[in-house]
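Participant: Model the structure of this input:
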Amino acid sequence: MKLNELRDNPGATKSRKRVGRGPGSGLGKMGGRGIKGQKSRSGVAINAYEGGQMPLYQRLPKRGFNNINGKRHAVINLGLVQKFIDAGKIDTSADVTEDTLVASGLVRRKRDGVRLLAKGELTSKVSITVTGASKAAIEAVEKAGGSVTVLAKAEPAAE
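Facilitator: Sure thing, here's the model as predicted:
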């Protein structure tokens, strides 16, 4: 195979519509926009506009609460940590930090920190440093001979 023989798979690319290029193209004159009216003109955005009627998204009741100060943690379970240790993706000789967990692929991204939960069983002796951990998870790690360090929350500055 040579560079000049490379081609996309059939149907992978589609040629763009050239609008307003004469009657032979099938999209000449008004370019598929019809005659007159708001939609035939440029610079028009009418998403969710219902001609002055109260739009559906405003008529429906709003439910729930979005906490703007809420934290979103990446959650890991002890069983998964043990699975990654057994697979050799996590090295137990060094301290296991949040960055180590991201590098191993156990956590995709840290978000506001990593929280350790007690689902599953941990048999390896490992010291873990995370943003948060449940009491049961801390007990399970200490029972296996390891330790959990929970990073201190940043205290708000006193005025």
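Participant: quick one, what contacts residue 79?
Facilitator: 119, 120, 121, 122 (Cβ atoms under 8 Å, 6 or more residues apart in numbering). Just so you know, the C-beta spots here come from the backbone N, C-alpha and C atoms, and that holds for glycine as well.
Participant: burial count for the spatially closest residue to the first one that is not a sequence neighbour?
Facilitator: By the measure of Cβ to Cβ, 6 or more residues apart in numbering, the closest residue to residue 119 outside its immediate chain neighbours is residue 77, 3.9 Å from it. Residue 77 sits with 17 neighbouring residues when counted by other Cβ atoms under 10 Å.
Participant: Return the residues in contact with residue 77.
Facilitator: For residue 77, the contacting residues are 116, 117, 118, 119, 120, by Cβ under 8 Å, 6+ apart.
Participant: Going along the chain, name the strands of the chain.
Facilitator: 74-77, 114-117, 127-130, 132-133, 147-150 (DSSP state E).
Participant: Against which helices or strands is the third one packed?
Facilitator: Using 3 or more Cβ pairs under 8 Å, 6 or more residues apart in numbering; DSSP states H and E as the contact criterion, the elements in contact with strand 127-130 are strand 114-117, strand 147-150.
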